[in-house]
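> sequence and computational prediction follow.
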Amino acid sequence: MIQNDEQSVSLDTAKEQVEKVCRRIAMLHIAYARTLVEEFGEAGGKRIAMKAIKAYGKQIGESALQKTKEKGFANTPDNYAEEKTVSAGRNRSEESGPPIKTEYA
């Protein structure tokens, strides 16, 4: 379907594509971790993989904190800027204000 000169896809197709990309990214990370273990041994590979995971978590946390502060919200789990929010059973953007409920994936 074409609307306003933009191409659109069905919600089901969009969901399938997002799921496919998520699976592929997960497989990429598994390949990285397995390669580290193969190259540096179990202890060394796991240590390096965990270091990378912790660095990633820190980057995500810092990004979410910055976005939360930019929106003028308090730094609480309910205002965590990276999470999707739900209002009346429907996903909504946090642009309009703090979420009513936060779903953690």
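Perfect, I can see it now.
> from here on, contacts and neighbour counts on C-alpha atoms
Noted.
> A74 sits in which helix or strand?
When secondary structure is defined using DSSP states H and E, no element contains A74, which sits outside every helix and strand.
> is it in contact with T68, as I believe?
Yes - with the criterion set as CA atoms under 8 Å, A74 and T68 qualify as a contacting pair; they are 7.2 Å apart.
> these two: who's more crowded?
Set side by side, A74 and T68 give different neighbour counts by other CA atoms under 10 Å, the larger being at T68 (20 against 13).
> tell me the predicted confidence for the more buried one.
Residue-level confidence at T68 comes out at 87, pLDDT.
> for it, give me its contacts.
74-75, 79-81 (CA atoms under 8 Å, 6 or more residues apart in numbering).
> how many other residues sit next to E70?
Other residues within reach of E70, judged by other CA under 10 Å, total 10.
> for it, give its distance to N79.
Remark: distance between E70 and N79 (CA to CA, to the nearest Å) = 12 Å.
> spit out the residues that contact these two alike.
Listed as contacting both E70 and N79 by CA under 8 Å, 6+ apart is no residue at all.
> let me see the domain layout of this protein.
The record, using automatic domain parsing to delimit domains, assigns the chain the ranges 11-70, 75-105.
> closest to R24 out of the contacts of T68?
Within these, proximity to R24 (CA to CA) peaks at A81, which comes in at 24.8 Å.
> quick one: low-confidence parts of the chain?
Scanning the chain with the threshold set as pLDDT under 70 gives 1-5, 81-105.
> wait, which of the contacts of T68 is closest to L11?
Proximity of those to L11, judged by CA to CA, is greatest for A81, which lies at 23.8 Å.
> show me the two of the contacts of T68 that sit farthest apart.
Using CA to CA, those reach their maximum pairwise distance at A74 and A81, which is 10.6 Å.
> give me the neighbour count for K71.
Applying other CA under 10 Å, I find that K71 has 16 neighbouring residues.
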